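**Student:** Could you work out the structure for the sequence below:
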Amino acid sequence: MISRDPVPIRQEGGRRWLAIVVIAAFVGILTIRSIATFWTDFLWFSDLGQSGTWRTLIFTRVWLVLAASAVAIVLFWINLAVADRLSPRTGSFSGSPDEELLERFQEWVGPRVRWVRLAVAGFFGLMVGLGASQWWRDWLLFRHGGTFGIEDPIYGNDVGVYVFDLPFYRDLFGWTFQLFLVIALVTAALHYLNGGIQVQRSVSAGVKVHLSVLFAALALLKAFGYWLDRWELLYSERGQVIGASFTDINAQRPALNLLIIVSVIAAVILLVNIRLKGWTLPIVAVGLWLLTSIGVGGIYPAIVQRFQVQPDELNKEIEFVAHNIEFTREAYGLTNIEVQDFAASSALTAADLEDNSDTIDNIRLWDPSVLFTTYQQLQAIVTFYDVSDVDVDRYRVDGELTQVMVSSRNLDEESIPAPGWVNERLVYTHGFGAVLSPANNVTVEGQPDFVKVIDFGIA
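**Tutor:** Numbers count the residues shown, from 1 in each chain. So this is what the prediction gives:
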């Protein structure tokens, strides 16, 4: 027989106050540090004349968190209230392995159920709502973006949809799916504590309705996620170029379309199952979804890529490579270039060489791929400097137009000793520079003939 006699608890007032003081001190340290970071960022932006930018970032994050938290709290509260209404606390747990735990829970919650419900909704709603602070960049692009007047050749959407809208849609989907998943778990836990779900016994009809609706909402949200996945195929890295490839359009997209249909069917099955006994149909729907996701969504595209595309890649991918070239030209403003044929001649004379001395004197001898390694060895100087790449350009050096090899020496933040605010913003702030050497000259040691980056103008 289970004994419910109260267990005497020793009064440990001293330890309790010590724990309170330690927790308060810890919270105070975190608060002071946050305030210091907040104020330092304000001073930093103000010094750069960007106070308006700072206010926009702060207020955007704040109102996004407040709006998301408010929505989450309301949804949590509604579902907790519905759970209390559908599975009232009856106190009938005879034979339950957690009988004592459930009865004590109901005895404690009973007099204060509204406050507990509000506290639980507030806690989980705030935790989920805090994630919205990361949307600020995508939200600002979505809010203030626009159109490019150029349609993509796959879906016919304006390019602005993918640049300004899609990132925010993805944030919104991920957050909403997480919200409903947490709501479903918390609601199921409350149904269990209220007696609506009993181990080794049936689930009450009201609980079944409630959970079925929540899981159906998750299935519909997943269908929306698959729809976004279709658009994100335009960012695919499968194949030789960035963008949708033959496999993406002819295998991956049909698979995603099928997964959308399966997800909608699963949602319908969950709602229909409300009037049926048991959970057989939902289990079948979940199994069908898993089979489709693994087989059609993963294996089938891999087979198409391996056995249909790779043996004939040039013919299969030529259309999609053309799309990549077309939109790359659009992005760099290279669509209005006039192409002219140049008939080269090998009949050069001394007069020709003299007339084209600027070109002859600037014939490039250095290979950028070889010079890149040389620049790293000679100009990185210390471990926290980095030379990223080498480019070819023209500058006036000592008054003469000169073809040069040029690179930038940057500070590698990940290699800064003892990284922190002081080192990153006050100590290791110098050392950035340009590395410049003529394209057609070397020193007697065979190294680049570096030019001091002073008193030269851009050609």
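
**Student:** Relative to Gly297, how far out is Glu317?
**Tutor:** Going from Glu317 to Gly297 by CB to CB, to the nearest Å gives 21 Å. (C-beta placed from N, C-alpha, C; glycine too.)

**Student:** Likewise for Leu353?
**Tutor:** Leu353 is 64 Å from Gly297, by CB to CB.

**Student:** Those two: which is more packed in?
**Tutor:** It is Gly297, of Leu353 and Gly297, that has more neighbours when counted by other CB atoms under 10 Å, with 20 against 11.

**Student:** outside of stretch 297-312, which residues touch it?
**Tutor:** Residues from elsewhere that reach stretch 297-312 (CB atoms under 8 Å, 6 or more residues apart in numbering): 238-239, 245-248, 250-252, 255-256, 259, 316-317.

**Student:** wait, I meant stretch 118-136
**Tutor:** For stretch 118-136, contacts defined as CB under 8 Å, 6+ apart pick out 57, 60-61, 64-77, 80, 168, 171-172, 175, 178-179, 182, 186.

**Student:** Buried subset of the residues you listed, written for PyMOL?
**Tutor:** In PyMOL, this line selects whichever of these come out buried by 16 or more other CB atoms under 10 Å:
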select buried, resi 57+60+61+64+65+68+69+71+72+73+75+76+77+80+168+171+172+175+179+182+186
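
**Student:** Which of the contacts of stretch 118-136 fall within strands?
**Tutor:** Residues of the contacts of stretch 118-136 located in strands (DSSP state E): none.

**Student:** Let's see which of the contacts of stretch 118-136 end up in helices.
**Tutor:** Secondary structure from DSSP state H places 57, 60-61, 64-77, 80, 168, 171-172, 175, 178-179, 182, 186 of the contacts of stretch 118-136 in helices.

**Student:** Quick one: list the elements packing against the lengthiest strand in the chain.
**Tutor:** The residue-count maximum for a strand in the chain (DSSP E) belongs to strand 400-411. Applying 3 or more CB pairs under 8 Å, 6 or more residues apart in numbering; DSSP states H and E, one finds that strand 400-411 contacts helix 368-379, strand 385-387, strand 391-397, strand 433-438.

**Student:** That strand relative to strand 391-397, how many degrees between them?
**Tutor:** 120 degrees (axes from the mean of the first three to the mean of the last three CA atoms, to 10 degrees).

**Student:** Now do strand 400-411: distance to the chain's middle.
**Tutor:** 35 Å (CA atoms, centre = their mean, to the nearest Å).

**Student:** before we move on, what about stretch 204-224?
**Tutor:** The answer for stretch 204-224 is 27 Å, by CA atoms, centre = their mean.

**Student:** Go through that stretch and flag the buried ones.
**Tutor:** 204, 206-224.

**Student:** repeat for stretch 361-378
**Tutor:** For stretch 361-378, the neighbour count (16+ other CB under 10 Å) marks 362, 366, 371-372, 374-376 as buried.

**Student:** Mind pulling the model confidence for Pro254?
**Tutor:** With respect to pLDDT, Pro254 has a value of 91.

**Student:** helix or strand right after the helix or strand hosting it?
**Tutor:** Taking DSSP states H and E as the definition, Pro254 sits inside helix 253-272. Reading on from helix 253-272 to the C-terminus, the next helix or strand found by DSSP H and E is helix 280-291.

**Student:** Hey, what's the angle from that following helix to helix 253-272? Just curious.
**Tutor:** Helix 280-291 and helix 253-272 are oriented at 170 degrees to each other (the same axes, to 10 degrees).
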